[in-house]
Structure formats: C-alpha cells, structure tokens
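Asker: Starting from these lines, generate the structure:
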Amino acid sequence: MSVSKTRDMSGNVVGSRRLLNRLVKFLGKNPQRRAKYLFCYVMLTPVMLLFGYIRVYPIVRTFILSFYKYDMMSKIHPFIGLLNYQALLHDSDFIQAIQNTTIYAFATVILSIILSLPLAIVLAGKIRFSPLYQTIFFLPFITPMVAMAVAWKWIYDPTYGILNYFLSIFHISAVGWLVYPATALWAIIAMSVWKVIGYNMVLFLVGIKNIPATYYEAATLDGANGLNLFRHITFPLLRPMTLFVLVTSMINAYNVFTQIYVMTLGSQSAPGSAVRVLVFEIYNNAFSFFKMGYASAEAVVLTMIVLVLTILQFRYFRTGEE
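Answerer: Below is the predicted model of the structure:
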C-alpha cells in the first residue's frame, strides 16, 4: 500500500472520529435535546417509510419496468433495454398524445393566469361583496371533476345543450363541440380554465394582500398610475406566487385525464385521436393492451417532460429576480 493511500485512510478515520465526537458532545450535553431529536426521528420514520413505499418505490419500479417487455398476459418478461423508448419515436398515437397534451397544458395554464390575475387585482381592492365573489369563483374548483365533466358534456350537447341554444338565438347553427376534432380539445380547455380560474385567483389574491401598502403609497406620491404600479410593484413582488401557480398548474395540466375521458374518450362521441392525451395513452397501453413495460416508458417520458419544464420555470424566475 502506498504512502498516499495510507494518509488518505488515516485522514478519513480521523475525520469520522471528529464528526462522531462532535455529535456525541452536541447531544450529550443536553439530555432534553437528545430526547427531542430521538422523538422526532422515531415519529418521522413510519411516515418516511410509508412515503417511500407509496411514492418513491412506484417511481423506481416504473423506471425499471420501462427496460423490459413486460406483458401482463405472459410469464416471461425479457430485458430489452431501450427498445421501448425507440418504439415511442415511431408511435403515431404517442406523438399525437404529446402534441395534444402540450397544446392543452400551455393553453390552460396561460389562459387561466391571464384571467385569474386581473380578477385577483380587482377583488383585492375595496370592492363590495368581495368575499362573495371569491366564493363564487372558487366553487368550481372544489366541485368533483366527474360531476363537472358530465355537466359540461350536457352544455356542449349538439341537440339539447344550453350553449347551442344560446347560439340559436343569434341564428347560429348548432355545433358538435365534443364531436368535431377541430373543436373538441378547445372545448375541454375552456371547461378546464373555468374550473381552475378560481383557485389561481385565490393564490394571486393572497400574494397581492401580502405586498406592503407602503410601496403603493410611495409610488403614488411619485406619480405612478395603475399600469405602472402593476408593472413595477405588483408583478415583480408576485414572482414567487406566479412561479408556484405556473409549476403546479403545468404539472396538473400534463396529467389531465378525467375530463377528457368522461367527456369524449369514454363516450360514443369520441373524436378519434384529436383529444388523445398522454395519461390516457399510458392507461390504454397498460390496462387495455397489458403492455406494462411500454406504458412505463411512456410514464417516464411524461415525468421527464414535466421535470424539464419545471426546471426551466425555476431558472427563468430566478434569473428575473437577480
């Protein structure tokens, strides 16, 4: 053994002993502190084990399955490496699902923020019955998605829907909103924006009310108007809340499934692949065709897309704050 390796080993041993001695001194001087830390670790251990089993293990298991030809109808599950990922590049249904999900996600997130932020600014002012308006806008968010999807499916009905009835007043012919491929996805986007706008509005409202009023008073004395106040005070100080809304909304939008399945794909009026999304594609391959390995590869791709978008959002907003 060389002299350098002996020195490295002895240095590591000495460093470990010093760290252990410091930890013993830190906990040994105060029995109450030692008991508190021990209690915290004992209480957190079951929670962390449960979290690992419910959250971490499925993620790891899905990633491993993506490298296998795992057919639930077969007892043999051979390792195939990256063949599942290569097949995704030539799968027209998967590519269409990515396109539809991306359109849905960006349209839903952008429109919901564009509509919810002005509402929050208005309701943050001294407006009468502001709590009532907040409740009205927030109610759709807490309503179950299946119930809302069924209600909106009736609203969009080409024969009995209230939307087409309203259009008939202006002598506009009925439209099959959920039947025609050109309108089906955008009809679902409108429904989704309506459902989440109240939640985003409340988040922005909380952020606006946490901005000190002294900033607005000082800017008003300097002659700033409403647009300048929003541009130089409200929007910059809302960056943390805007980042939270963007990240959570984008994650939820890319995981869309219920409203699309209830309103189109699960009914006889499905407009083909025009509303096919990633989660439905994963569900279909896993539980209809029993291709768990292929579905796992799709789930990994979906996770990576959401992860990359989240990282880009964090980097953009942190760069803007510097």
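Asker: How about the contacts made by the spatially most central residue of the chain?
Answerer: By Cα atoms, centre = their mean, the chain has its centre lying nearest to residue 251, at 1.7 Å. Going by Cβ atoms under 8 Å, 6 or more residues apart in numbering, residue 251 touches 306, 310. All C-beta atoms are positioned from the backbone trio N, CA, C, and that covers glycine.
Asker: Could I get the buried residue list for the helix or strand residue 99 falls within?
Answerer: In this assignment (DSSP states H and E), residue 99 forms part of helix 92-124. Across helix 92-124, burial judged by 16 or more other Cβ atoms under 10 Å covers 94, 96-98, 100-102, 104-105, 107-109, 111-113, 115-117, 119-121, 123-124.
Asker: and if you look at stretch 243-252?
Answerer: Buried-residue list, stretch 243-252, by 16+ other Cβ under 10 Å: 243, 245, 246, 247, 248, 249, 250, 252.
Asker: CA-only coordinates of that stretch, as CSV, when you get a sec.
Answerer: Provided in CSV are the C-alpha atoms of stretch 243-252 (Å, rounded to 0.1, in the frame of the first residue of the first chain):
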residue,chain,number,x,y,z
LEU,A,243,-43.9,30.6,-10.0
PHE,A,244,-45.9,28.4,-7.7
VAL,A,245,-49.1,28.8,-9.9
LEU,A,246,-47.1,28.0,-13.0
VAL,A,247,-45.4,24.9,-11.7
THR,A,248,-48.5,23.4,-10.1
SER,A,249,-50.8,24.3,-13.0
MET,A,250,-48.3,22.8,-15.5
ILE,A,251,-48.0,19.6,-13.6
ASN,A,252,-51.7,19.2,-13.3
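Asker: so what are the domain limits for the chain?
Answerer: Taking automatic domain parsing as the reference, the chain has its domains at 3-65, 91-321.
Asker: Let me know the angle separating the helix or strand containing the residue nearest to the centre of the chain from helix 92-124.
Answerer: Using DSSP H and E, residue 251 falls within helix 239-254. If you take axes from the mean of the first three to the mean of the last three Cα atoms, to 10 degrees, helix 239-254 sits at 140 degrees to helix 92-124.
Asker: what's the distance between helix 239-254 and the middle of its chain?
Answerer: 7 Å (Cα atoms, centre = their mean, to the nearest Å).
Asker: and after that helix, which helix or strand comes next?
Answerer: Assigned by DSSP H and E, the successor of helix 239-254 is helix 258-260.
Asker: got the contact list for that next one?
Answerer: By Cβ under 8 Å, 6+ apart, helix 258-260 touches 145, 146, 148, 149, 152, 188, 191, 192, 275, 277, 280.
Asker: Please report how far the first one lies from residue 99.
Answerer: Looking back up the chat, that one is residue 145. Applying Cβ to Cβ, to the nearest Å, the value for residue 145 to residue 99 is 23 Å.
Asker: Dump the host helix or strand of residue 39 to PDB, restricted to CA.
Answerer: In the assignment (DSSP H and E), residue 39 maps to helix 31-51. Taking C-alpha atoms only, helix 31-51 is exported to PDB below (Å, rounded to 0.1, in the frame of the first residue of the first chain):
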ATOM      1  CA  PRO A  31     -30.500  15.300  27.600                       C
ATOM      2  CA  GLN A  32     -33.600  17.200  26.700                       C
ATOM      3  CA  ARG A  33     -32.200  17.900  23.200                       C
ATOM      4  CA  ARG A  34     -31.200  14.300  22.800                       C
ATOM      5  CA  ALA A  35     -34.700  13.100  23.700                       C
ATOM      6  CA  LYS A  36     -36.300  15.700  21.400                       C
ATOM      7  CA  TYR A  37     -34.200  14.600  18.400                       C
ATOM      8  CA  LEU A  38     -34.800  10.900  19.200                       C
ATOM      9  CA  PHE A  39     -38.600  11.500  19.400                       C
ATOM     10  CA  CYS A  40     -38.600  13.300  16.100                       C
ATOM     11  CA  TYR A  41     -36.700  10.500  14.300                       C
ATOM     12  CA  VAL A  42     -38.900   7.900  15.800                       C
ATOM     13  CA  MET A  43     -42.100   9.700  14.800                       C
ATOM     14  CA  LEU A  44     -40.800  10.500  11.300                       C
ATOM     15  CA  THR A  45     -39.600   7.000  10.500                       C
ATOM     16  CA  PRO A  46     -43.000   5.400   9.800                       C
ATOM     17  CA  VAL A  47     -44.100   8.400   7.800                       C
ATOM     18  CA  MET A  48     -40.900   8.300   5.700                       C
ATOM     19  CA  LEU A  49     -41.200   4.500   5.200                       C
ATOM     20  CA  LEU A  50     -44.800   4.900   4.100                       C
ATOM     21  CA  PHE A  51     -43.900   7.800   1.800                       C
END
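Asker: show me where pLDDT drops low in the chain?
Answerer: By pLDDT under 70, the low-scoring segments of the chain are 1-17, 19-31, 34, 265-272, 319-322.
Asker: what about 80?
Answerer: 1-38, 125-126, 217, 219-228, 265-273, 317-322 (pLDDT under 80).
Asker: Spit out the contact partners of residue 115.
Answerer: Per Cβ under 8 Å, 6+ apart, neighbours of residue 115: 193, 197.
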